[in-house]
Each structure stands twice: as C-alpha cells, then as structure tokens.
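**Q** Pasting the sequence and the predicted model now:
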Amino acid sequence: MSRRVRRKWAKKGKLSYSEIEDEDLGPERTGFVDWTSLPDDTVIQLFSCLNYRDRASLSSTCRTWRVLGSSQCLWSSLDFRAHKFDTAMASSLASRCVNLQKLRFRGAESADSIIHVQAKNLREISGDYCRKITDATLSVIVARHENLESLQLGPDFCERITSDAIKAIAVCCAKLKKLRLSGIRDVHADAINALAKHCPNLVDIGFLDCLNVDEAALGNIISVRFLSVAGTSNMKWGVVSNLWHKLPKLIGLDVSRTDIGPPAVSRLLSSSQSLKVLCALNCPVLEEDTSVCTIKTKGKLLLALFSDIFRGLSSLFAETTKKGRNVFLEWRCSKNKDKNLNEIMTWLEWILSHTLLRIAESNPQGLDEFWLKQGASLLLSLMQSSQEDVQERAATGLATFVVIDDENASIDCGRAEAVMRDGGIRLLLNLAKSWREGLQSEAAKAIANLSVNANVAKAVAEEGGINILAGLARSMNRLVAEEAAGGLWNLSVGEEHKAAIAEAGGVKALVDLIFKWSSGGDGVLERAAGALANLAADDKCSMEVAIAGGVHALVMLARNCKFEGVQEQAARALANLAAHGDSNSNNAAVGQEAGALEALVQLTRSPHEGVRQEAAGALWNLSFDDRNREAIAAAGGVEALVTLAQSCSNASPGLQERAAGALWGLSVSEANSVAIGREGGVAPLIALARSDAEDVHETAAGALWNLAFNHSNALRIVEEGGVPALVHLCSSSVSKMARFMAALALAYMFDGRVDEFAPMGTSSESTSKSVSLDGARRMALKHIEAFILTFSDPQAFAAAAASSAPAALAQVTERARIQEAGHLRCSGAEIGRFVSMLRNSSSILKACAAFALLQFTIPGGRHAVHHASLMQDAGAARVLRAAAAAATAPIEAKIFARIVLRNLEHHQIEAPSI
C-alpha cells in the first residue's frame, strides 16, 4: 500500500529560574503554575483522566499527590488492556485496589494475574483475546471473587473454556446478574442447570457464537430477562419455540446470525407473554422465506435486516417525538426514563453493536443497501452510547464494514462517504480525543480505514483530524499509537496533506515511534515506516524526515526487523528519501549511514517479493550518487542484483523494473558494468527487455545500453540473443525512451568497437562469427534507421535544409525531442564515443549519433549544460560542422548536427550567467 514536512517550531514555556531568583513574580507574569496548590478535587479529576500506569507514576512525584493518587474513587474501575499486565504489576497495585469494582483485561497472561490484585469486592470482569484462557484460570478467578455480578468474555472465541468452568461460575458467584461468553464449543445441560440453581439473580445471559447450547436447559433459568444466542450453531428451534416462550420474565431475545426460520419466530412472538423485543439480524433462512411478511408480531418488536430498525425502536416509546434516527440520542437525553425501557435500550445497544460488528467482519454479500440505509447510521448512533464497550465496538464496526480487501487497502467508497454524510468524521474525532485509550484506539482505526477514500481524507483534514492523529501517535499506549500512525499513513497518500502532517509534528512523532517500539511492535513499525515513506516522497518532507533522525531509524528497521511488512516499508521509505538527489543531500546521507547499503543488498534476497522490490528500488535511487554506486558494489550489490534479475522473469512488473533499474544505475561505472557482465547479468536483462511492461522496457534498455559500451559485454549481448530483443524494443515499444536507448545500445554494439576486440578463433570459426555479426549488424542498422525516421518530417527537414532560420530548426527540434531523455547524464567517454560515431562510415550511425547528441544538449534538459561542456572539451564543434556539411551524409544527420551546433552556441552564451 502506497500509503502508503514538519516546520521548525520553537519550544514554548521554558523558564530560566536564574533570572527570577531575586524577584517574586506572580504566576500571571511568569506563566509558572504551582501544581501543589491546586484544590484536591481538581487533582483527583486530573488523575481520573489517566490510565492506571500514569496514575501510579504521577502519584510518586510528591507526598501530597501520593495520598490523593491513592483515593479509592480513582481505583474503582481499571482497564488493563492497553499495557502489559502481569503478576508483578498486579501485586504492585494491590494496595490501591481494595475497593476495585470493575476490571477489564486482555489475554491469558492478564487473566492469570487478576487474582494478584486481591480485589475481593470486584463486581464486574470483562475480558477479550480470551482464546488461551483455560477452565483452571477462570475457575480460580471466580473462586476468589464471590461478589461478582457481571462476567463477559469475548467477542473472540473462548476456545479452551468448557462447561466445567461455567459450573464453577455458578457455584462460586451466587450474586451473578450478567454472564456473556463467546465461542464456547459445548454448553451442556448440567452447566446451565447449575446457573439456574445457584444464580437466582441471573437476568442477562449471552452464549454467543457457540457450537452447541442445550436449549431445554436454558428454558429452566426462569430469572432471565435478556437472552442472546447470536451466532450459535446447531440450535433446535422446535425445542426453543416450545419452551422459551414459557420463560416468565424474558423481555429481550437475540437470535441474530443463526438459522432460525419463520415458524420459530412466529411461535415465540405469538406465545410469549413477556417478550417485547426479538432481534434476528442476518438470519438467512428467515430473510429468504417470503412468508416472513405475514408474521404477526402482536405488538412486539421484530428487528431484522428487512425491517426499519429505527422506526421499530421508536415504537417502544409512548412519546411520538422519539422517531427516526435520533431515537437512541433522544432516549439518552430523556429526563423521565422508564426503568424497564432503560434496561431494554441498554441491552439493545450492546447486542446491536456486537451483531453489527460480527456482520461487518464476515461481510456477507447483498448487504450494501442495508449498510447504506441503516447500518452506518446505527453504528454512528451506537458510537454515542454511554457504554464504553458499545462505543468501542461501534467504532470498530465502522472501521471494518468499509473494508473490501485488507491486503490491498481497498474500501467501499459508498459506505465510507455514507459515514461522512451522517457526521461520522466529527463523531470519530471526538472519540479519538477521549481520555479512554480503548476509544482512542478504535476511533483512530476507523479514521485510518475511512481515510483511504480521498473525499473522507479531505474531510478528516478539514475537521482537524491531522493534529489529533499526530497527538495520538505520541501516545505511550502502543495500540493507540499504532492506529494513529495508520491514519497518518493513509492521509499521507494525498499530496495536499503532507505539509499539514509535518506542520502538526507528525514526522517527529512517527520517527519517535520507531525508536520507542523498535522491538515487539511490528504493527506500529510498519505503519510508521509506511507513513514516513509517503512523506519522504515529497522533497520538503524528506528533509524533515532526515532532520528528525528518520534515516537512522529506517536503516535500523531495515537491518534488524524480521517482519516483512516493516522491511518493505522501511526500504520504500529509504528509496523515497534517496530520490531527491538533485535537491537535497538525503541520497548521500542514506548511503553514509552505517549498514544501510549492506542491509538493502541483503533485503534483495528476501523471500517476499514486496521487500525485494522496494530494496531494489532503494538501491536504484542510491546508485545515482557516485560514492553510493561504488559502495553498493563493494557490499555485494552486483551479485545480489544479478541474482534478483535472474529470478524475476515471472515476477511483478514493479520488481522487474526496479531490478533492471538498479543494474542500470550500477552499470554507469565501467568497473561495475564489466562485473555485471561477468556475473551473468546480460541474459536476464535481455529477458526483461522482452517484458510486456513499458517501464521494464526502459530500465532494461538503459542497462543494456550502458553494458554495450564495453566491448566484452557487447559481444555477450550478441551471443545471448540480445540483438533481436533490442531490435524489437527499438521498433515496437510504446515507450520512446525504451526505443531510444535500445537504438543507442545497438549503435554501440555495431560502431566497429566489437570487431576490434572480437577474439580470433580458427578460420572456420572466424568466418562463422563474421557472418553472424554481419547479419546482426544489418538487422540492427535497419531498425536504427527506421527509429530515426519516425522523428523525421520531410517537409520540416526540407525547410531546414533550405534555410538557416532558427524557426525552421526549432520545428525539427520540437518534433524530434524526447522529453525524458533530458534526464540522462552521459560521461565524457560516452559523449566522446558519439562524437567519434559522427565520423563513422555508416550514414545510419552518423544520423543516430547526431540525434543522440541533440537529445543530450537541448536547452532546458537537466544535464544539457554538462553535456555541452564535455563536447566543447572534446572539440565536437569541428566534427559537427563537418557532419553538417558532408555531401554524402543523410539529411537527418546534417540537420541534427546543425541543431546540436546551435545548442552548443546557446549554452556558450548562457554559461557566464550560470
């Protein structure tokens, strides 16, 4: 993914205490705040906005704050998901957690540590990433916390928890009111009956995404008011419809994502005396049955994908004002809340957020209309819930439902823009500013995914999202920093956002992330490196990256990180940093960073194509610097790149282009050119010249052009069958540059140098080689001539031959000009060879040499002045005048020679002012 310039800023607020030691300046004059003088309730409020680790750290700053930081009101609820929570950390917090009421954790290690907090009065436990939690761990937790009223594990599957643990919960937690477990394989009757027997206050049960649940036993829990079996397989709906309608207190039932059909739904709605809401979202059997429209709900609410959910929710309220998409908001703001209705709406928020997230994750076909008309609005409404876990799941749902292809960073533009139209960007940014790190993380993830869409990215920037994300990227919470870096990565794809990211301090924040999470943070490192890669593509931003220490950070990743995503983005970032050789010093800086070139050479051997491609691209860009070029060769770059070229015949065009491009860059050096030929680089370059991709044509032709300058390589190209490949490029490539460089390579090969150095064999061998070379020479010259003639307009040439007027020559120049050729830079030896070619006996080679020199000296070309200087040093003017006046020379050679002379005169005039 190409996703994918921080201005210098003065630090404010620094105070030189030596200047005020003899004068008592008040806080208004000095800007100094005596934090210890703040009221206690203000300090406690500040503490409440911190996570538990920062709270503990701040408590250690002074005696007063140590006392205030231990206030029990600060330690009634803890969220351990964001940071490492192990036995040592739990033990260190135990003294503060005597009255801990609510705890959230993540993963098996954290679960094992809960008992060491020694919070015997714990009322609520909520955990996620519970796949490795065992019966033993869960049994110990509930045994130590007999006052537990709520236990929730999910939404990921609890694969190692069985009915034995559920029985332990029932026996130990008699006060249990809410039990929600996800992904348990089998929930047996004895476990459910234990809950019915020992937990008389159990009103909210959720067995979600389970494989088997005993339906008959669930009918025995007469205390249950809210029941969810969403996503559970193998349900016997005949048993359900015959038994569950008898549950005397059942108000809400959730059967979403199951195979329930119309008969069971109809029986439950018609027979249950207490049931008020039946939620059946994404139930294919129900939705595909045409008889579903005839189901009589008898005043009860049926929520399904085919129903108007907002309108249905409004029907729960007596007041007619609670209608439409504001139903949740109006309920939350209502002053006169009905207790039963409040319980229903709170439960609906939870099960809707859970089900919508699950539907978004599975992304079933045919739901576009639902998402556009209702789903997006539902998620946005749920994001404003007072339940933190509902807010998080809603934000995660927004981040998920827009994604089409995670690997290729593709999103559904219609869904993304629906979120934007409904005010979702502002809501998400407000969540991202929350002090709760869980909300920060999920909101940043949603912003990141939505920002793949250019219109949404623009809206995020206009709403101040760049500053918010840059701030979150500085978080000490790795998950928050990771998602913020992802947001900056996607935003930095747009050229219009790069300067704003730099101005917000984003470059420094991203570089700091790499140093902060250099080990154990593959996700955050990939996103930070990807964002820096996008920013480094901009000239000004690339300087900011270097100033912030980005070169060292990225080289460190390229050298040490083993995760292919990080390696790929680090190599891409280094490639982009090195791409501004003419405008800044980053190319040289990357090459001079210890271990940089060796690391990139090593990455060309990676088993992952993306890594090889970006590493080759970086070496290509770096090879434009003379010192880097030789250092790459010394680091084994020639051998590595030849091997890469040999192995990428079936690879992507991007890898082929960069492999050939890197060899092209290295072959500028005569020594490297010889080494490439000796290592077997000719054959794979010929193979790449036959590619179907235009960009590969150019780099392969450029490399072969450089190699052909050396007589040994020129012979190798002939022997390896390179002449037909170059002839094909010269005549058929869509790229003018590829055709041009193929013609120059052929000109090098047959200007007579190869004949001088061709090894002599027996008489018969010499005759055979001579015949072979003559045939190849005739073929090459024929196509060189045809190439030159494509730039020839007979009328324009005739006018230029008959007149010395500059306008006539300018017309020929304009038609002959190959814009990209102005970026080519030739050595003195190469220019000298083209000048010598003007004396060649072949009229075709004369015309080719004059045409090449025209391209290299056209005013405005990047290296035109350099080439003009080399030609003057070589005395080219005399040879050009002779070529222009030669009676036997073709008209193309004459006119092109005259134009080159005029170019040289132009550069002589301009030289004093340069």
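**A** Received, thanks.
**Q** Only the C-alpha atoms, please, for the helix or strand harbouring residue 872, written as CSV.
**A** For residue 872, the enclosing helix or strand under DSSP states H and E is helix 864-873. Provided in CSV are the C-alpha atoms of helix 864-873 (Å, rounded to 0.1, in the frame of the first residue of the first chain):
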residue,chain,number,x,y,z
ALA,A,864,22.4,19.8,-21.1
VAL,A,865,25.0,22.2,-19.8
HIS,A,866,27.1,19.4,-18.5
HIS,A,867,27.0,17.6,-21.9
ALA,A,868,27.7,20.8,-23.8
SER,A,869,30.8,21.4,-21.7
LEU,A,870,32.0,17.8,-22.4
MET,A,871,31.5,18.3,-26.1
GLN,A,872,33.4,21.5,-26.1
ASP,A,873,36.3,19.8,-24.3
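**Q** on contacts alone, who are the packing partners of it?
**A** helix 828-837, helix 843-857, helix 891-910 (3 or more Cβ pairs under 8 Å, 6 or more residues apart in numbering; DSSP states H and E). Where you see a C-beta, it was placed from the backbone N, CA and C, and this is true even at glycine.
**Q** let's see it at 10 Å
**A** Helix 864-873 sits against helix 828-837, helix 843-857, helix 876-885, helix 891-910, with contacts defined as 3 or more Cβ pairs under 10 Å, 6 or more residues apart in numbering; DSSP states H and E.
**Q** which residues are contacting it?
**A** Outside of helix 864-873, the residues within contact range by Cβ atoms under 10 Å, 6 or more residues apart in numbering are 822, 824-832, 834-835, 853, 855-859, 861, 863, 876-877, 879-880, 900-901, 903-908, 910-911, 914.
**Q** pretty sure residue 507 is in contact with residue 466, am I right?
**A** No: counting by Cβ atoms under 10 Å, residue 507 sits too far from residue 466 to count as a contact (11.8 Å).
**Q** before we move on, back to that, any idea which of the helices and strands packed on helix 864-873 gets closest to residue 283?
**A** helix 843-857 (68.9 Å; Cβ to Cβ).
**Q** so how far is residue 213 from the closest residue to residue 701 other than its chain neighbours?
**A** Spatial nearest neighbour of residue 701, excluding adjacent residues (Cβ to Cβ, 6 or more residues apart in numbering): residue 741 at 4.0 Å. Plainly put, residue 741 is 70 Å away from residue 213 if you go by Cβ to Cβ, to the nearest Å.
**Q** okay, those two: which has more neighbours?
**A** More crowded of residue 741 and residue 213, by other Cβ atoms under 10 Å: residue 741, with 31 against 23.
**Q** Would you tell me what helix or strand the more buried one is located in?
**A** Element membership for residue 741 (DSSP H and E) is helix 736-749.
**Q** Which elements pack onto that helix?
**A** helix 682-689, helix 694-708, helix 711-719, helix 722-732, helix 763-789, helix 828-837, helix 843-857.
**Q** Try it again at 8 Å.
**A** Against helix 736-749 (3+ Cβ pairs under 8 Å, 6+ apart) you get helix 694-708, helix 711-719, helix 722-732, helix 763-789, helix 843-857.
**Q** can you pull out the strands in the stretch 351-500 of the chain?
**A** 403-405, 410-411 (DSSP state E, counting those that start in this stretch).
**Q** Tabulate the helices and strands packed on helix 864-873 (a markdown table), appending mean pLDDT.
**A** Formatted as a markdown table, these follow (pLDDT from 0 to 100):
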| stretch | mean pLDDT |
| --- | --- |
| helix 828-837 | 95 |
| helix 843-857 | 96 |
| helix 876-885 | 93 |
| helix 891-910 | 90 |
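**Q** Contacts for stretch 228-237, please.
**A** Outside stretch 228-237, the residues within contact range by Cβ atoms under 8 Å, 6 or more residues apart in numbering are 180, 205-213, 215, 218, 253-261, 263-264, 279, 351, 354-355, 358.
**Q** list the buried ones in it?
**A** For stretch 228-237, the neighbour count (16 or more other Cβ atoms under 10 Å) marks 228-232, 235, 237 as buried.
**Q** what's the answer for stretch 254-261, then?
**A** Neighbour counts over stretch 254-261 (16+ other Cβ under 10 Å) mark 254-258, 260-261 as buried.
**Q** same deal with stretch 207-216?
**A** Buried residues in stretch 207-216, counted by 16+ other Cβ under 10 Å: 207-210, 212-215.
**Q** And residue 507 and residue 466? Which one has more around it.
**A** Set side by side, residue 507 and residue 466 show more neighbours around residue 507, with 32 against 24, by other Cβ under 10 Å.
**Q** mind listing what that one touches?
**A** 5-6, 501, 532, 535, 541, 544-545, 548, 550 are the contacts of residue 507 under Cβ under 8 Å, 6+ apart.
**Q** Then residue 258?
**A** Residues in contact with residue 258 (Cβ under 8 Å, 6+ apart) are 229-233, 235, 280, 283.
**Q** Which members of these are the farthest-apart pair?
**A** Among the contacts of residue 258, 233 and 280 lie farthest apart (Cβ to Cβ), at 15.6 Å.
**Q** circling back: give me the subset of the buried residues of stretch 228-237 lying in helices.
**A** Using DSSP state H, the subset of those located in helices is residue 237.
**Q** check which helix or strand covers the residue nearest to residue 510 when sequence neighbours are not counted.
**A** Closest residue in space to residue 510, ignoring its immediate chain neighbours: residue 528 at 4.6 Å, by Cβ to Cβ, 6+ apart. In the assignment (DSSP H and E), residue 528 maps to helix 522-536.
**Q** and what of residue 133?
**A** Using DSSP H and E, residue 133 is not contained in any helix or strand.
**Q** just checking, it touches residue 108?
**A** Yes: if you go by Cβ atoms under 8 Å, residue 133 and residue 108 touch, sitting 5.1 Å apart.
**Q** ok, these two, which is more surrounded?
**A** When neighbours are counted by other Cβ under 10 Å, residue 133 comes out ahead of the other of residue 133 and residue 108, with 24 against 17.
**Q** quick one: that one from residue 515, how far?
**A** Counting by Cβ to Cβ, the separation of residue 133 from residue 515 is 34 Å.
**Q** tell me, how many neighbours does the residue nearest to residue 356 when sequence neighbours are not counted end up with?
**A** In space, and not counting its chain neighbours, residue 356 is closest to residue 397: 4.9 Å by Cβ to Cβ, 6+ apart. Other residues near residue 397 come to 29 when the count uses other Cβ under 10 Å.
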